Structure formats: C-alpha cells, structure tokens
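In: My questions are about this predicted structure, shown below with the sequence.
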Amino acid sequence: MSTNSSTNVAHEEEHGHEHVHDLRDDYGSKLGMWLFLFTELLLFGGLFLLYMAYRFEYFPEFQLSAKSLKIWMGGLNTIILLTSSLTMVLSIIALQRRKIKASIYWLITTISFAFGFLVVKYFEWSDKFSHGIFPGGEELALKTQGEKIFYGLYFSMTGLHGLHVIIGMIILTFILVFIVKGKVSPDRFVLLENGGLYWHLVDLIWIFLFPLFYLLH
Amino acid sequence: MSDSTVSTNGDYVNFYQYKGKHTGILGWLLSVDHKRIGLLYLGSMVTFFLVGMTLGFFMRLELWNPGQDIMGPQTYNALFTLHGIIMIFLVIIPGIPAGFGNFFLPIQIGAEDVSFPRLNLFSWYLYTIGGLLAVASLFLSGGPIDTGWTFYAPYSLRTGTEVIMPLMAAFILGFSSILTGVNFVTTVHRLRAPGMTFFKLPLFIWALYSTAWIQIIGTPIIGITILLVVVERLFGVGLFDPAMGGDPILFQHLFWIYSHPAVYIMILPAMGVVSEIIPTFARKTIFGYGAIAVSSIAIAFVGTLVWGHHMFTSGMSDESRWVYSFLTFIVALPSGVKIFNWVATMYKGSIKAETPFLYVMAFIFLFSIGGLTGLVLGSLATDVHLHDTYFVVAHFHYVMFGGTIFIFFAALHYWFPKMFGKMYNTKIANIALAIMVVGFNMLYFTFFILGYLGMPRRYYDYLPEFQGMHQFATVGSWVMIAGILLMFINLFLGLKNGKKSGNNPWGGMTLEWTVPSPPPLLNFKKIPTVKYGPYEYEHYDEVTNNVN
Ligand code: HEM
C-alpha cells in the first residue's frame, strides 16, 4: 500500500496534479453504489408506504381507477425495460470480453430503449391530460377523493420513476462517451457495472409500479 | 512521501504547506484532501451557528416585554423557523461527522483519505448550496418561511410565504448527508489499516459508522416527503391535503420516520467524541468497549422504530401509542449503557481535568437533564400536558445544545492542537465554559418552569405573569452568548499566536496522535500496522513512540 501511494505522489509531482488518491478499489466502488441504490429504494419506499395506506383507505376507488389505465401501454413499457436490462448486461459482458464495439452497440441499444419507454409514457400521460385527468384538471376535480388520490399517486410515482429513467439515460450516455474515449475499458469497467446497477434499479422499481397501478383491479 | 517532496518544516510538509495544482483559495475550494474538506465544513458550520445564534438572540429580545417589542408575529415566526432550520439542518446534523469525521476518520483508521475523495468535495458543495439557498429564501418576494422547521402539512401547503426554496435547500442538504454516509460506510469497510479489526476501531469511528447508516436509511424518507410537499404546492396533487382526500397525518409519519432517527445522527457522533476524550484524560482503557460500540448500533436500530412518539397528540390509536411509548423507553437503555461505562472508566482513573475534559463534564450534566426530561415527555400522561410548551423547547435545547453542541465545542478544544499544531489559552477556555454553563441554565432551565406553567412555544407574546421569568431567561441568553463569543475569540487568538502544541499534548493513544501536528498530506509516512485496541494504556509507550 505504501509503495503504491508513494508512486502516486511522485506521479503528481511530475504533472503538478491536484492529489487524488488513485488507490483503485473496484469492490469499494461497487459497495458504495449498492449503498446508494439502497437509499434510492428507500426514496421510493416512502411513496410505496403512502400507496399502501391510501389503498387501504380507498379500496373501491383504487380498483375503479386502475381500470382506466391502459394495460397494454404499461405492459409494453414493462417489456421495453426488461429488454433494456438484458441489453445492459450484454454491454457489460461484451466489454469484459474485450469486444469494445459490441459493448458500445449494446449500450446504445439500452439508451434507445430508455428513450422508447419515455415515448410510450408521453403518449400515456397526454392521453390522460387530454381527458382532463391531471392534478388540477377539470375532469379529475369532479371525481371522488379516493380517485383523486389514486391519480395523485399515479402521477407522483410514475413521474419520479420517469425522472429516474432520464437520469439513467444521462448516466449511461456519459459512460458511453467514456468507453469511446477509452476511460472505461476492458481493464477498468467498474463504472459501466455501476451504471448497469443503477439501470437495473430503475427497471426493478417499474416492475413494482406496473402491477400496483395497472393490474390490481 | 518525504523523499519526493522538498521539506520546509523540519522533516515533513504538512497539509497546509503542500502545494497541489491549485493554490490560494482554490487550493481549498478544489481540494479533495479530507482534512481540508473537514476544515471547510467546520468553517461553514461555525459561521451558520453564529447566524443562528444571532436569530435566537433577537427572539429573546422580543420576549422582554409582553406584546410587541421589536418585531411583529410574522417576523417572529420567520425567525424561529429559520433558527430551527439553520441549527438543525446546517449545524448539528452535518456537525460532528462532516467536520471532525472528515478530518479524523481516515487518520483514526490508518488510511490516507476516504474512499471517494471527489464525492466528498461534492458533498461539501451541496451543503454550501443548500445553506445559501436557505438563507437566500429570506429575501424572496413571498417573505421568509413561517412553518417552523417541521414543515407540517397542511399549513406548509397553504401559507403564502416562500416554502419551496427552503424545502429544496433541505432536500439538497439531505443529499449531501447521504453521500457523506455512503462515503464513510465504504471507507470503514475498505480502508482500515492492517490489523485494525472492527473491534479495534476507536469508538468515535463506531459512532460515525452507526451514524452513517442512519443517514443512509433515514434521509431518503425525508427527501421524498419534502419533494412531495414541493410537488403538492406546485401541482396540487392532493396527497397531504385533506380537502382532496389526502391525510396530513401521513406527512407527520414520513417526517418523523426520518427526523427522529435524525436526532441520533445528532447525538451519536457526540457520544463517540466523549468516548475518545474520557479515556484520554482518565489515562485508562475504556470500560466496556464492546458494550459502547454495540450500543451505538443498537441506538441506530431501535431509533428507527420510535418516530411515533412525536405524534402522541396528533391522532393515533391507543395501541400504537403505548407501543411507541414502550419503544421509546427501550432507547434509553443503550444510552444508559454509555453513561454508566463512561463513569466506570473514570473510576480510579488518574484524571487530568483539562479543558476538553471539563467540556465533557458540562455535557454529562446538561445532557442528563435533557435526557431525563425526555422521559417525562416520552410518557403519555405527562406529554399530553406538556406538548408544545416551553418544556419541550427546554428539553431539546438541553439535549441538542447542551449535548451535541457542547461536545462540538469539546471536540474543537480536543483536536485543535492536532488540526492546527497550536495551543489556545486553556485558562480562558475554561472561564468561557463556566460562563456558558451559567448562562445556559439561566436561559433554558427557566424554560422548563415556564413550560410547566403553560407557556406555549412559538409565541411572540405572553401573559403578563410570565414576565419576570422571561426577562431572567433573556439575561441568561446574554450571559451565554458572551461565553460563546469569548470561547471563539480565544480559539481564534490561539490560531493566530498560540504556542506550538507538539504531536500529542493530551497523551492520546488513537492513531491521530501518532502523526505530526498538523498532519502531512497523506497522513502517514507509512501505513501503520495496528496491534492493540485503541485505549490499551498499558501499551502507551510502544504505540506512541512509534511516531510516524
Ligand atoms: C445559541 C443560542 C440559542 C438561543 C438564544 C436559542 C433560542 C431559541 C428560542 C428563543 C427559540 C424559540 C422558542 C419558541 O418561541 O418556541 C428557539 C427555538 C429552537 N431552537 Fe434555539 N437557541 C439557541 C441555540 C440553539 C441550538 C444550538 C439549537 C440546535 C442545535 C437550537 C435549536 C432550536 C430549534 C430546533 C428550535 C425550534 C424552532 C421551531 O419551533 O420551529 N437552538 N431557540
């Protein structure tokens, strides 16, 4: 360890860099990422808790409202996200096997799927909006309190999830650039792995949102 | 590293003298050195503390006479809200972990830095942005937020004042806190020096480690709660709004799911500091090392289950009330374990009553009062009577101020020589402490009596019969503030012209006392190998002679 650090310092002196401890610790990076993902889960956990409480309070209204969501759209998005998780893994495996081109290709596919998800979401939401069903919308204002809460949760939870999809896309795009530039490489791919972990989390949360809003009626 | 750098100070270059890519102010603002980041945090926190203190000073002035003296009700509301937000989110939650933790965690475990140095600097930037947003929200058109630091719905949904910006500030601060937590947990797992097993960690590290876990587990919940209030105000989703079928009680649940564990974020690191200072000045192995270490984890765990006791009067079934009441009493156990072990450590020790030790004594006295009155509030019957009175205000100032902030001061005096290589005037430091303690009790003990007699909190006005006591308390606030200022001035003078302190002025045994003061850039010449537990004074000579 000490030899390692002294070479680092010597290296710094030459280039006049700000000192950064380049003690490489891939396991540590992943540990940090898992902890962070745990906090993300808890962030959604608060919303799931609210969902539970309100579903208990407004059971019939929740069942009624769930019928108005289009299962095929939600289902399509589920397929899209699941497939994108697969392409994500393929990208990581390709990089580990030193197939940089294939890795880039699979990563671009993943990002495209993410975009596809957002497009479907866009149509879904605008359909609701055009029927006056959105917070403050005239149709929704006429509905019962339980239905208002259902849609309130629907928009908050899928909205926050959508935000995570966007963040995921941004992260993956950055990693894509790093792969192209060679900063993320077959010998140093923990960043891609961490990006993948994040992407699986986004997928996972959707896997819970889909049945809660679309299927339970 | 001494081979490759030119020495300017005897035989080593300390981290102040080290020249990286950037120099001057940028050398601080862009530095990823954990020691510099720790000092950045400390500087920001002391500044915010002084701002918060000034707000408290003006609140007390307003209460000199019944009726309006120097400000109207709206201003008073804004002041206590901002006072609360600053003291809670900007001073005491980041407090000891972000400041002293950053500086000493890597050194105490024998590492060169934290696991993610860049992320560490990023956390400080988030913290600063959050702080500036909170202060800036004062000057927005809507007027400063007046909800109290608890942001209770539905009032926070309805008030016309500026709520979104301080909420976003709190959200950003929470994010910063999460990143620090992730960083510390990873560091403790990955970067311990060879031989430093978990049960050889200094107790300060155990406390930081438990705190980091609470930060990770609790903070996201407040994050989502705050976001929902913001969304609610922007779009009117209805989740906490009774008019639309929402339930404001759920807001309170989510709020306290975080904010109660948050009080352990505030106190655990302080208890860790106490567990460092006491053995050092008793020159004795700490009594019950394992029990103290594990009790930190126990507090962290049970502490996540007791949030309901903040809501006894807000509508809750009787079953949940006694369950929460019961769990609350359980948390007193691990805290008691700590107190008894500290006392047992001092028993038959050769105690040197130096400044940091005296601060710790003040802490034990004040914190015990705070803790015992906490039990009064934790019991259902008495709480229903005392809820939302000055009794509560007195209780949490004793716990948070008499507890954490006094230990923050103790830590400043304990580690000052290590951080700056200089010594302050200990006599004046002791006098400042005495003045503070007197003023503190004049101010807050009076609050207990006022509260018991029925003075409600958060009022700018009061009944004439309370005037005598209110004036006594206000005079107390002046005494206390004088003590605080004296203490800071003394430290500042020590910083400027203090004598050289040497590497180990107190005779401590943890690793930071084996490196020079101030420490070199990467802390150690050679990463040490740890053989003994942190407070095994029978090996004192062997450990400390092995100076890096
Ligand atoms: C430095 C001197 C301080 C003074 C003079 C002071 C004084 C006060 C006063 C007068 C109130 C308002 C009581 C009411 O009207 O209900 C108050 C509230 C409060 N103080 Fe302090 N305080 C000080 C330090 C602290 C510290 C160090 C902390 C925490 C670390 C703290 C945390 C709080 C909190 C959380 C509230 C409640 C705000 C609310 O009701 O929303 N104070 N303080």
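Out: Yep, that arrived.
In: Could you double-check that B:A212 sits in contact with B:L179?
Out: No. The pair formed by B:A212 and B:L179 falls short of the contact definition of Cβ atoms under 8 Å, at 10.5 Å. Where C-beta positions appear, they are placed from N, C-alpha and C, glycine not excepted.
In: Which one's more surrounded, these two?
Out: Between B:A212 and B:L179, B:A212 has the larger neighbour count (other Cβ atoms under 10 Å in any protein chain shown), namely 29 against 25.
In: Tell me if the helix or strand where the more buried one lies is near chain A.
Out: Element membership for B:A212, per DSSP states H and E: helix B:203-235. Yes. Using Cβ under 8 Å from any Cβ of the partner chain, helix B:203-235 comes into contact with chain A via B:216-217, B:219-221, B:223-225, B:227-228, B:231, B:235.
In: can you tell if the next helix or strand after that helix touches chain A?
Out: Using DSSP H and E, the helix or strand that follows helix B:203-235 in sequence is helix B:248-282. Yes. Using Cβ under 8 Å from any Cβ, we find that helix B:248-282 touches chain A at B:250, B:253-254, B:257.
In: Run through the neighbouring helices and strands of the longest helix along chain A.
Out: When chain A is parsed with DSSP state H, its longest helix is helix A:145-181. Judged by 3 or more Cβ pairs under 8 Å, 6 or more residues apart in numbering or on different chains; DSSP states H and E, helix A:145-181 is in contact with helix A:26-57, helix A:59-67, helix A:100-130, helix A:138-142, helix A:190-210, helix B:203-235.
In: right, so of those, which gets closest to the ligand?
Out: Proximity to the ligand (Cβ to the nearest ligand atom) singles out helix B:203-235 among these, at 14.9 Å.
In: Which one (most neighbours) among the residues of helix B:203-235 next to chain A?
Out: Within the residues of helix B:203-235 next to chain A, neighbour counts (other Cβ under 10 Å) peak at B:T225, which reaches 30 neighbours.
In: which residue packs closest to it, ignoring adjacent ones?
Out: B:L254 (4.2 Å; Cβ to Cβ, 6 or more residues apart in numbering or on different chains).
In: gap between the one you found and the ligand?
Out: Computed as Cβ to the nearest ligand atom, to the nearest Å, the B:L254 to the ligand distance reads 18 Å.
In: That residue reaches B:I224, doesn't it?
Out: Yes. Taking contacts as Cβ under 8 Å, B:L254 lies within contact range of B:I224: 7.2 Å.
In: what touches both of those two?
Out: Listed as contacting both B:L254 and B:I224 by Cβ atoms under 8 Å, 6 or more residues apart in numbering or on different chains are A:G46.
In: Low-confidence stretches in chain B?
Out: Applying pLDDT under 70 to chain B flags residues B:1-11, B:315, B:546-548.
In: Could you pick out the residues of it near the ligand for me?
Out: B:53, B:56-57, B:59-60, B:80-81, B:83-84, B:87-88, B:91-92, B:148-149, B:393, B:397, B:400-401, B:405, B:457-458, B:477 (Cβ under 6 Å from any ligand atom).
In: now these: which count as buried?
Out: B:53, B:56, B:59-60, B:80-81, B:83-84, B:87-88, B:91-92, B:148-149, B:393, B:397, B:400-401, B:405, B:457, B:477 (16 or more other Cβ atoms under 10 Å in any protein chain shown).
In: What are the buried residues along the longest helix of chain A?
Out: Of the residues in helix A:145-181, A:145-158, A:160-162, A:164-165, A:168-169, A:171-172, A:175-176, A:178-179 count as buried by neighbour count, 16+ other Cβ under 10 Å.
In: show me what contacts whichever residue of chain A sits closest to chain B?
Out: For chain A and chain B, the shortest gap (Cβ to the nearest Cβ) falls at A:Q145, measuring 2.7 Å. A:Q145 is in contact with A:58, A:61, B:238, B:244-245, counting by Cβ under 8 Å, 6+ apart.
In: do that again at 6 Å, thanks
Out: Contacts for A:Q145 (Cβ atoms under 6 Å, 6 or more residues apart in numbering or on different chains) come out as B:G245.
In: again with B:E536
Out: Applying Cβ under 6 Å, 6+ apart, the residues near B:E536 are B:T285.
In: List phi and psi for it.
Out: Backbone geometry at B:E536, expressed as degrees, to the nearest 10, gives phi -90, psi 90.
In: How much space separates it from the ligand?
Out: Remark: distance between B:E536 and the ligand (Cβ to the nearest ligand atom) = 35 Å.
In: How about residue 108: what's its closest non-neighbour residue?
Out: Because you didn't say which chain, this covers chain A. A:L176 (6.9 Å).
In: ah, I was thinking of chain B
Out: Take B:Q108 and drop its neighbours on the chain: the residue closest to it by Cβ to Cβ, 6+ apart is B:P202, 4.9 Å away.
In: Any stretches of chain A with poor pLDDT?
Out: A:1-23.
In: Next to the ligand, which bits of it? Give me the list.
Out: So chain A never meets the ligand (Cβ under 6 Å from any ligand atom).
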